[in-house]
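Peer 1: coords below, sequence missing:
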């Protein structure tokens with residue numbers, strides 16, 4: 001509704017429930033129109049009652065031929081017209097009452113006020129369709145949605161309700177549990193990925209909306225995947241290699257790498273799980289050079 005902000009009851013950061021009053025708009029002209037519409041309804045009702053009473057008398061007199069058929073028809077038409085006028089007046093009153101309800105701005109759902117662009121005394125235009133005509137932004141933060149862009153080979157393995165573990169660089173050492181809520185089912189022609197959405201419970205509001213992080217979805221893989229630390233890769237002459245230990249000596253072995261998943265990378269071929277791989281191989285290493293391998297734990 002168009003009017004002036006009389007009350008602004010919430011501010012940024014406030015948590016509201018569905019139906020809570022956020023603001024009240026003052027529009028005296030609507031109040032005056034409602035009073036006028038109620039008076040018109042009463043007037044039309046009186047006319048309809050009078051027309052009905054006159055029709056009843058005419059019907060009684062018509063039985064003794066004291067009233068002509070033409071007069072009876074006129075009274076009947078006048079009654080229907082008066083009743084229709086009453087319905088029109090009641091509809092106009094209802095429309096104004098609905099508009100009056102819009103003078104009270106209520107929260108459509110439970111959430112947190114994330115933005116406010118009005119203050120007491122500001123004028124708002126109810127007929128505006130401009131992009132900046134909003135009053136408040138409300139976000140549901142107790143459960144967040146995380147959007148992933150997943151390569152096809154992985155996306156085709158992910159199913160709804162699959163569990164996920166999410167990490168954020170801004171919250172080191174913390175892991176958050178989520179689950180897959182939906183997948184678009186479409187491989188985007190531009191990025192070559194599929195959109196997959198996760199839902200993250202956030203009942204304690206420890207997560208802020210808008211963070212970027214890494215998600216590990218615990219999907220059912222169609223085959224075992226060999227993964228090694230990313231820093232074990234050594235590119236030589238444009239060929240992807242790894243340095244392995246064989247009989248106490250260094251051996252550079254060409255591999256075919258797959259996806260890079262954070263600190264790890266897939267090995268599609270050229271390496272088996274029983275080989276010892278040198279982490280962070282330096283430029284001094286040469287094929288056949290002796291090494292003393294020290295095992296390390298890789299997470």
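Peer 2: Okay, I see it. The shown structure was predicted, so the numbers you read here are calculated from the model rather than taken from an experiment. Residues are numbered from 1 along each chain as shown.
Peer 1: tally of neighbours for residue 169?
Peer 2: Applying other Cβ atoms under 10 Å, we find 9 residues neighbouring residue 169. For glycine as for every other residue, the C-beta is placed from the backbone atoms N, C-alpha and C.
Peer 1: ok, now residue 94?
Peer 2: When neighbours are counted by other Cβ under 10 Å, residue 94 registers 12.
Peer 1: quickly note the distance from it to residue 127.
Peer 2: 19 Å (Cβ to Cβ, to the nearest Å).
Peer 1: same question, residue 200
Peer 2: Distance from residue 200 to residue 127, counting by Cβ to Cβ: 39 Å.
Peer 1: neighbour count winner among those two?
Peer 2: Between residue 200 and residue 127, residue 200 has the larger neighbour count (other Cβ under 10 Å), namely 19 against 7.
Peer 1: give me the element the more buried one is part of.
Peer 2: According to DSSP states H and E, residue 200 maps onto strand 194-201.
Peer 1: so for that strand, mean pLDDT?
Peer 2: Per-residue pLDDT over strand 194-201 has a mean of 95.
Peer 1: how far does whichever helix or strand comes after it sit from the chain's center?
Peer 2: Per DSSP H and E, the first helix or strand lying C-terminal to strand 194-201 is strand 214-217. Counting by Cα atoms, centre = their mean, to the nearest Å, strand 214-217 is centred 20 Å from the centre of its parent chain.
Peer 1: pull out the buried residues from strand 214-217.
Peer 2: Residues of strand 214-217 classed as buried by neighbour count (16 or more other Cβ atoms under 10 Å): 215, 217.
Peer 1: same check on stretch 49-62?
Peer 2: For stretch 49-62, by 16+ other Cβ under 10 Å, it's 51, 54, 55, 58.
Peer 1: disregarding residues adjacent in the polypeptide, which is nearest to the last one?
Peer 2: Sequence neighbours aside, residue 75 is the residue nearest to residue 58 in space, at 4.4 Å (criterion: Cβ to Cβ, 6 or more residues apart in numbering).
Peer 1: for residue 296, same thing?
Peer 2: Nearest residue to residue 296, sequence neighbours excluded (Cβ to Cβ, 6+ apart): residue 279, at 6.6 Å.
Peer 1: wasn't the one you found part of a strand?
Peer 2: No: according to DSSP: H, G, I helix; E, B strand; the rest coil, residue 279 belongs to no strand; its state is coil.
Peer 1: tell me how many other residues crowd the residue nearest to residue 58.
Peer 2: 21.
Peer 1: any idea which element it lies in?
Peer 2: For residue 75, the enclosing helix or strand under DSSP H and E is helix 69-101.
Peer 1: for residue 253, list the residues it contacts.
Peer 2: If you count contacts by Cβ atoms under 8 Å, 6 or more residues apart in numbering, residue 253 has them with 241, 242, 243, 244, 270, 271, 275.
Peer 1: list the buried residues for the helix or strand of the chain with the lowest mean pLDDT?
Peer 2: None of the helices or strands of the chain scores lower by mean pLDDT, DSSP states H and E than helix 152-155, at a mean of 82. Going by neighbour count (16+ other Cβ under 10 Å), the buried part of helix 152-155 is 154, 155.
Peer 1: quick one on the thing from earlier: among the contacts of residue 253, which ones are buried?
Peer 2: By neighbour count, with 16+ other Cβ under 10 Å, these hold 241, 242, 243, 244, 271, 275 as buried.
Peer 1: residue contacts, the fourth one?
Peer 2: Shown here is residue 244, whose contacts under the criterion Cβ under 8 Å, 6+ apart are 250, 251, 252, 253, 271, 275, 276, 277, 278.
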